[in-house]
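1. would you be able to build a 3D model of this:
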Amino acid sequence: MTKQVLLCNGAEETTKAIRSESKGLGLTNEIHTTLTLCNGRCQDGPAAVVYPDGDWYKNMTRNYKD
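-> Residues are numbered from 1 along each chain as shown. Below is the predicted model:
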């Protein structure tokens, strides 16, 4: 695994979309997604943080083209 994506509770649709896209691209061994209880950024939610980079993403949706 090279990237871990932590998505806040409430980002179920976004999590499903990321999992589907990574599977479609053959990256399931490279990207691991985890739903967390809270990432501490409710005002930006749903939020995600990608490790090991530490990059934060806010207002996540299931459609990356939104």
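2. which neighbouring elements make contact with the helix or strand encompassing residue 20?
-> Using DSSP states H and E, residue 20 maps to helix 12-24. Counting by 3 or more Cβ pairs under 8 Å, 6 or more residues apart in numbering; DSSP states H and E, the packing neighbours recorded for helix 12-24 are strand 3-8, strand 31-36. From N, CA and C alone the C-beta is placed, and that goes for glycine too.
3. residue 48: which of these is closest?
-> strand 3-8 (4.7 Å; Cβ to Cβ).
4. which parts of that closest one are buried?
-> Neighbour-count burial for strand 3-8 flags 5-8 (criterion: 16 or more other Cβ atoms under 10 Å).
5. for the residue nearest to residue 13 when sequence neighbours are not counted, grab the count of nearby residues.
-> Distance criterion Cβ to Cβ, 6 or more residues apart in numbering; nearest residue to residue 13, sequence neighbours excluded, is residue 62 at 4.0 Å. By the criterion of other Cβ atoms under 10 Å, residue 62 has 16 neighbours.
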